[in-house]
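Undergrad: Here is a sequence with its predicted model. Questions after.
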Amino acid sequence: MRKWYSLFIALLLLLFLIVMSLRTGAVPVPFRELWASLLLQDSPSAYIVLQYRLPRILTGILAGCGLAAAGVILQSIIRNPLASPDVIGITKGAGFTAAAVIFLFPGAPGYVLPMAAFTGALAALLLLLLLSKRMTLPPATFALVGVAIGAIFQAGIQYLLVKHPSDINMALLWMSGSLWGRGWDDALSLLPWMALLLPVAWIQFAKLNVLQLGDEGGTALGLRMGRERLVLLLLAVALTGSSVAAVGSIGFIGLISPHIARLIVGGRHQWLVPLAALIGADLILLGDCLGRILIIPREVPVGIMTAVLGAPYFIYLLRRERIKAR
Amino acid sequence: MKQHQLTKALLFTIIGLITLILSACGNSNSTTEAVASPTATAAAASPSPSAEAASPIVIEHQLGTVTLDKTPERIIVLEFSYTDALMTLGVQPVGVADDSDPTLFMDAVKAQLGEYTSIGSRYEPNIELISSLQPDLIIADLNHHKSVYEQLNAIAPTLVLNDHQADYNEMLSNYSIIAKAVGKEAEGKQRLEEHEAKIKAAQQKITDTNLTILPAVVNPKGFFAHSDHSYAGSFLTALGFTDPVANEESYPQLSLEQLVETNPQAIFLLPTEEITIIKEWEKNPLWQQLDAVTNSKVFTVERKDWALSRGLIGSEKIIEDLVKYLGA
């Protein structure tokens, strides 16, 4: 029952955050006007609510879910609590290609950037598969290969930043992860991905449960470990790539949401995947909501806010667990 | 068995939720369009009897076409150079993306600039505030704002110019476009002629244009030359000076050794803060080998005048500085 409750509470929190995000911002919209603009679309704030905040919120929720679910999958298949899309180099790959577009093709149309980011995530995956001999390496070695690939892409990003020092604002904003200016086209191009991938990720829960037991156990239970892991890795990369393409390389959510969820509902993935996804969405919305109102008229990028908010809570949870364990 | 049923139940809930979300946003999209179109036609229809100009202003720009049925009165600009342009035309913007730092305006611009609302960063201007100001024209930059063009254009007709990467000549053509957009085409033309006359007069006061001149932004970390691909550099080249760097980059970072190698005969420093890398370099014997140093032709000028304003007023200030330091 506790598991149902926690899912329910996370969902309630999400609804609350959606309403708060719709209401607050540089231009506060009172509740009365909020309902008017949502239902009748004839309030002066209708544009801000419907065309600006709503798509932005939806993009944030979808990307938060995607990154968190990818984190759950990776932590299970690598059997390492430190694994995340960031650690094995996928977001770094996306960051590198995005930075390359920003610096080398500043005249490219706006839609090129998300496409480039997705391609970068795939490139990182290809490298990863190539270097890890199609995932036949033990998980710990595999994770290290990912770290190395991430380092290579990070070096590429740094090189671009050093080479073009006076024009780095755009790239830095993108790389810290931002929901600024995300419109319906962003939300609607992310939606089909998530509508497809999130349920697929969830129905893999049995395999994810087995995978975290280790290779012998898995083989004994009749799973072809290498193949399963490859499929799940592809899934995680698709989730990460599409999310990162929409909001920029926010790595932290993929690391922290699975952990928070695991501390609440334990390691069974039928609960872990949905709860982590909801927590990811909660975190990103909370971060964005605060980031929009802290230094009006400017904004704090959501990637920075989620790290600032998530990390202390994470440490608190870890401490509480330790005290319980004593 | 029980496990299996639970799985099914959860799966259905998730699918149900997704359909709900899908249908919800589908709805909101179509209805807003339906509501938006009559108001748009109403707005277009109502001012036409009282409009001053009979024919609407139509301007093709980088990402589309702007059609203005009447002279815009509530203008929002997202770059410093656009403010510079509006000031020369005597038009006040209602909102400016000034990086929330009014000290970045050059003094001559700030003196003419009236009350305005800051809409934050030039890179991520606050779209909610833009919308709440109810503008009738937004002037945006191609490089920074192309990803939000649709959103801006839904608020008000949005003119997208390539300003961030523009050199001096492109700035002049952008200026004419802005003048046309705000309904001051004739004034703009006249002001451009004035500008050319001013530049010519100043040029005659500068005796030696055979110099190699290097403007450079300096901060505590480095020396960033402005080559002839940058705005200030291209202006100097247009005046007949030579760019000593000849780099493909607009703002290449130079080490002291590289600077000595290019050896400019005059250097204009645009410091971002009080103490910069130059303080270190001055102690280095290499610094003394620079022609500019031995001829005591190293000058410090305002970065906001030379590198940020990037318009007619900015350029006139640059040449004023040139006359002051290099004039006879």
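TA: Yep, that arrived. Residues are numbered from 1 along each chain as shown, chains lettered A, B, ... in the order given.
Undergrad: need the contact list for the residue in the stretch 201-326 of chain A that chain B sits nearest to.
TA: Of all residues in the stretch 201-326 of chain A, residue A:297 sits closest to chain B, at 3.5 Å by Cβ to the nearest Cβ. Where you see a C-beta, it was placed from the backbone N, CA and C, and this is true even at glycine. Residue A:297 makes contact with A:26, B:100, B:118, B:119, B:120, B:125, B:126, B:129 under the criterion Cβ atoms under 8 Å, 6 or more residues apart in numbering or on different chains.
Undergrad: Mind doing that once more with 10 Å?
TA: A:26, B:95, B:97-98, B:100, B:117-121, B:124-126, B:128-130 (Cβ atoms under 10 Å, 6 or more residues apart in numbering or on different chains).
Undergrad: Got the phi and psi for it?
TA: Here is the backbone geometry of residue A:297 (degrees, to the nearest 10): phi -90, psi 0.
Undergrad: Please name the nearest non-neighbouring residue to it.
TA: residue B:120 (3.5 Å; Cβ to Cβ, 6 or more residues apart in numbering or on different chains).
Undergrad: Give me the phi and psi angles of that neighbour.
TA: phi 90, psi -150.
Undergrad: how much space is there between residue B:166 and residue B:190?
TA: Distance check for residue B:166 against residue B:190: by Cβ to Cβ, to the nearest Å, it reads 22 Å.
Undergrad: For the residue of the stretch 201-326 of chain A closest to chain B, report the pLDDT, please.
TA: Residue A:297 carries a pLDDT score of 87 in this model.
Undergrad: Tell me how many other residues crowd the closest residue to chain B within the stretch 1-150 of chain A.
TA: The nearest approach of the stretch 1-150 of chain A to chain B comes at residue A:110, 3.9 Å away (Cβ to the nearest Cβ). When neighbours are defined as other Cβ atoms under 10 Å in any protein chain shown, residue A:110 has 17 of them.
Undergrad: wait, doesn't it sit right on residue A:185?
TA: Yes: using Cβ atoms under 10 Å, residue A:110 is in contact with residue A:185, at 9.4 Å.
Undergrad: what touches both of the two?
TA: Shared contacts of residue A:110 and residue A:185, counting by Cβ under 10 Å, 6+ apart, come down to B:147, B:150.
Undergrad: and residue A:255, what does it touch?
TA: Here residue A:255 is in contact with A:67-68, A:71, A:74-75, A:81-87, A:307, A:310-311, A:314 (criterion: Cβ under 10 Å, 6+ apart).
Undergrad: do the same with residue B:302
TA: B:106, B:107, B:270, B:271, B:308, B:309, B:314, B:317, B:318, B:321.
Undergrad: how about 8 Å then?
TA: B:106, B:270, B:317.
Undergrad: possible to save these as a markdown table with neighbour count, distance to chain A and pLDDT?
TA: A markdown table is the format used below for those (neighbours: other Cβ atoms under 10 Å in any protein chain shown; distance: Cβ to the nearest Cβ, whole Å; pLDDT from 0 to 100):
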| residue | neighbour count | distance to chain A | pLDDT |
| --- | --- | --- | --- |
| B:106 | 23 | 19 | 92 |
| B:270 | 22 | 11 | 94 |
| B:317 | 22 | 21 | 94 |
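Undergrad: So which of the residues you listed belong to helices?
TA: residue B:317 (DSSP state H).
Undergrad: Mind putting the contacts of residue B:302 into CSV with distance to residue B:281?
TA: Below are the contacts of residue B:302 laid out as CSV (distance: Cβ to Cβ, whole Å):
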residue, distance to residue B:281
B:106, 27
B:270, 15
B:317, 26
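Undergrad: picking up where we left off before, which one's more surrounded, residue B:166 and residue B:190?
TA: Per other Cβ under 10 Å, whichever of residue B:166 and residue B:190 has more neighbours is residue B:166, with 21 against 12.
Undergrad: Quick check: closest non-adjacent residue to residue B:236.
TA: residue B:213 is the one closest to residue B:236 (Cβ to Cβ, 6+ apart), at 5.4 Å.
Undergrad: I'd like the next helix or strand past the helix or strand hosting that neighbour.
TA: Here residue B:213 sits within strand B:213-218, counting by DSSP states H and E. Per DSSP H and E, strand B:213-218 leads on to strand B:223-225 as the next helix or strand towards the C-terminus.
Undergrad: Could you find which two of the contacts of residue A:297 are furthest from each other?
TA: Spatial extent of these (Cβ to Cβ) is set by the pair B:98 and B:128 at 16.9 Å.
Undergrad: And the helices in the stretch 51-200 of chain B?
TA: Under the criterion DSSP state H, counting those that start in this stretch, the stretch 51-200 of chain B contains helices at B:80-88, B:107-112, B:127-132, B:142-145, B:149-155, B:168-181, B:185-205.
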